[in-house]
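1. Quick one, structure for this:
(chains A and B)
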Amino acid sequence: MSLMRSSISITWAVWKALFLREAVSRLSAGRAAWLWILLEPLVHLIILNVLFGFILQQIVSGIDGGLFITTGLLGFFMAQNTALRCMDAINANAALFAYRQVLAVDTVLVRAALEAVLLLISALVLLLGLGLLDYKVVPQDFLLVMVSFVALWLTGLGLGLVLSVASELIPEVGKVAGMIFRLFYFLSGVMFPVSAIPPAYRDWFLLNPLVHGIECLRVGFFPQYHAIAGVSLTYLLGFAMVTMCLGLALHVRFATRLVAQ
Amino acid sequence: MIMVDDVYKRYRSDQGVGKWVLQGVTFTIPPQVNVGLMGRNGAGKSTLLRLIGGIDTPTRGQIERRCRVSWPMGFADGLQGSLTGRQNAKFVCRIHGHEQDLPDRLAYIEDFAELGDAFDEPVKTYSSGMKSRLQFGLSLAFDFDVYISDEVTSSGDAAFRKKASEAFKKLTDRAGMIMVSHGEGTLKEFCTAGIWLHEGKAYWFDKIDEALKQYKQSLQP
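-> Next up is the predicted model:
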């Protein structure tokens, strides 16, 4: 009889296999799929620049409007894409639950990891490209930028864990989540600084955890940028921790329901 | 050894909770015994196989597996349509912990499935016969103690069926098998013991002939 594998080695093998599989299907879906992954933020960037770029150059003095929007977009996409891709993970991988080694939560975690890798690559390419065009793309506080990215990613992962279970149990959740994220695209300070919001509404505005991550990202990026009082990474990380714990708990509670057909 | 202890199963659907498919199923399969599973359509054969294979859990009761059990072979799922046969095969090798000897396993699967160039084509372009060839090759590439097969021998063309049944014969020398089939000949050929599923209960027979007799009697009006 062959040796039994330990739980950890099985999980690790499953993660590796799922990651490679996800990466292959992501990058080979349709013609030049990898190109579209790079182009998506670029297209948003161009449209937003045309719409707002020239206004912003006057609002935030000393910071280029294009770069300002780039940082906001990358931060927002880190959370949104991770959350939405994770949400569909269980459904997209339903066929794999024929192998009992593969758990629903594995597919979600692996998708989140892949999303982070892909976004970091496209961020790197985008910033390099802007760098070649003589933009100042080297962040002043690299560590803060990375921490903000990680915090936004964890938020996306937490939301993704919760949404993946919720949308399996209640399919309508998926549609609503997509709409809400589209709304938050405009409410997260992607294309304007939080200081542009009238003080009376700022407290409400700061309830949105994504705002905190995007603001911190910009503080780390631009030496001239000043965040308003009340912006804190702790709030964002706290939100991420709460949603991740809730999501993992839901995955444990509904483990069999998610895999059953 | 596989122990099934007082297992109940019912499914939940959009219309609410379904009726009991299995009601208090209890039996023990000793090591290296080939068991044929029979029963009417909808008697719960595939459900029981899924439970034994560990891809679904019983509503009540327990199943203990003290050996390496394969996934239920012959199900249409487990393959991703947009990936090639080779990519699917790599995935299955990896989750079964065969990262090191991946090329050997792949070579075996490719050789057994006889798909030719189609091995590098997306699985969604496969015919159902080609799919089952691939799945059959996949499940034979690993050393399980017990293989679970759901009508797998009945797929493919005559030549492949012959090859499959020879491979099955060789398997039964070193491993146990639990199989579902509606073909009496197939069951008699491979199995020594039998389980007859009837109205949510399972009846164990040490001799496959007796199980078949009971099963055929139940089909009489």
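2. Can you tell me the closest non-neighbouring residue to residue B:5?
-> In this structure, residue B:5 finds its nearest non-sequential neighbour in residue B:62, 4.7 Å apart by C-beta to C-beta, 6 or more residues apart in numbering or on different chains. The way it works is simple: take the backbone N, C-alpha and C, and place the C-beta from them, glycine included.
3. host element of that neighbour?
-> strand B:60-65 (DSSP states H and E).
4. what helices or strands is that strand leaning on?
-> strand B:2-13, helix B:45-53 (3 or more C-beta pairs under 8 Å, 6 or more residues apart in numbering or on different chains; DSSP states H and E).
5. So which of those is the most surrounded?
-> Here the criterion is mean neighbour count by mean count of other C-beta atoms under 10 Å in any protein chain shown, and of these the winner is helix B:45-53, at a mean of 22.
6. any idea of the angle it forms with strand B:60-65?
-> Compare the direction of helix B:45-53 with that of strand B:60-65 by axes from the mean of the first three to the mean of the last three C-alpha atoms, to 10 degrees and you get 60 degrees.
7. Could you confirm whether helix B:45-53 reaches chain A?
-> Yes - applying C-beta under 8 Å from any C-beta of the partner chain, one finds that helix B:45-53 is in contact with chain A at residue B:53.
8. Residues contacting that helix, please?
-> Here helix B:45-53 makes contact (C-beta atoms under 8 Å, 6 or more residues apart in numbering or on different chains) with A:100, B:2, B:4, B:7, B:9, B:21-22, B:25, B:37-39, B:56-58, B:63, B:65, B:69-72, B:148, B:150, B:178, B:180, B:197, B:202.
9. rerun at 6 Å
-> Here helix B:45-53 makes contact (C-beta atoms under 6 Å, 6 or more residues apart in numbering or on different chains) with B:9, B:21, B:37, B:39, B:56, B:58, B:63, B:71-72, B:148, B:150, B:180, B:197.
10. just checking, which of those residues belong to strands?
-> Using DSSP state E, the members of the contacts of helix B:45-53 that fall within strands are B:9, B:21, B:37, B:63, B:148, B:150, B:180, B:197.
11. got JSON lines for those residues, with pLDDT and distance to residue A:113 too?
-> Converted to JSON lines, the ones in strands among the contacts of helix B:45-53 look like this (pLDDT from 0 to 100; distance: C-beta to C-beta, whole Å):
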{"residue": "B:9", "pLDDT": "89", "distance to residue A:113": "35"}
{"residue": "B:21", "pLDDT": "88", "distance to residue A:113": "38"}
{"residue": "B:37", "pLDDT": "89", "distance to residue A:113": "40"}
{"residue": "B:63", "pLDDT": "91", "distance to residue A:113": "33"}
{"residue": "B:148", "pLDDT": "87", "distance to residue A:113": "32"}
{"residue": "B:150", "pLDDT": "78", "distance to residue A:113": "34"}
{"residue": "B:180", "pLDDT": "86", "distance to residue A:113": "38"}
{"residue": "B:197", "pLDDT": "89", "distance to residue A:113": "43"}
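12. buried stuff in the helix or strand containing residue A:201?
-> Remark: residue A:201 resides in helix A:199-205, with elements defined by DSSP H and E. By neighbour count on 16 or more other C-beta atoms under 10 Å in any protein chain shown, the buried set for helix A:199-205 is A:202, A:205.
13. pLDDT on that helix, on average?
-> Taken as a whole, helix A:199-205 carries a mean pLDDT of 87.
14. Show me the contact partners of it.
-> residue A:197.
15. Mind giving me the packing neighbours of the following helix or strand past that helix?
-> Per DSSP H and E, the first helix or strand lying C-terminal to helix A:199-205 is helix A:209-221. Applying 3 or more C-beta pairs under 6 Å, 6 or more residues apart in numbering or on different chains; DSSP states H and E, we find helix A:209-221 packed against helix A:65-87, helix A:142-169, helix A:233-253.
16. Go through those helices and find the least confident stretch.
-> When I compare the helices and strands packed on helix A:209-221, helix A:65-87 is least confident, with a mean of 90.
17. Chain neighbours aside, what residue packs nearest to the residue nearest the centre of chain B?
-> In chain B, the centroid-proximal residue (C-alpha atoms, centre = their mean) is residue B:149; its distance is 2.1 Å. Using C-beta to C-beta, 6+ apart and skipping the chain neighbours, the partner closest in space to residue B:149 is residue B:179 (4.3 Å).
18. For chain A, see how far away that neighbour is.
-> 17 Å (C-beta to the nearest C-beta, to the nearest Å).
19. do residue B:159 as well
-> For residue B:159 relative to chain A (C-beta to the nearest C-beta), the value is 27 Å.
20. picking up where we left off before, what pLDDT is listed against the residue nearest to residue B:5?
-> Confidence score, pLDDT, at residue B:62: 89.
21. Could you report the neighbour count for it?
-> 11 (other C-beta atoms under 10 Å in any protein chain shown).
22. Can you pull up the residues of chain B that come close to chain A?
-> Contacts of chain B with chain A, taken as C-beta under 6 Å from any C-beta of the partner chain, map to B:54-57, B:71, B:75, B:77-78, B:82, B:91, B:94-95, B:97, B:143.
23. a markdown table please, covering those and showing pLDDT.
-> Shown next, in a markdown table, are the residues of chain B next to chain A (pLDDT from 0 to 100):
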| residue | pLDDT |
| --- | --- |
| B:54 | 84 |
| B:55 | 81 |
| B:56 | 82 |
| B:57 | 84 |
| B:71 | 84 |
| B:75 | 59 |
| B:77 | 66 |
| B:78 | 77 |
| B:82 | 83 |
| B:91 | 92 |
| B:94 | 92 |
| B:95 | 90 |
| B:97 | 86 |
| B:143 | 84 |
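24. Top of those by number of neighbours, please.
-> Busiest of the residues of chain B next to chain A [other C-beta under 10 Å] is residue B:71, holding 29 neighbours.
25. Let me see the backbone angles for that residue.
-> Main-chain torsions, residue B:71, degrees, to the nearest 10: phi -80, psi 160.
26. Residue B:207 too?
-> phi -110, psi 130.
27. What does the pLDDT read for it?
-> For residue B:207, the predicted pLDDT is 88.
28. Kindly report the same for residue B:155.
-> 65.
29. Name the nearest residue to residue 28, ignoring sequence neighbours.
-> Since no chain was named, I'll use chain A. Nearest non-adjacent residue to residue A:28 (C-beta to C-beta, 6+ apart): residue B:82, at 7.7 Å.
30. think we crossed wires, I meant chain B
-> residue B:3 (5.0 Å).
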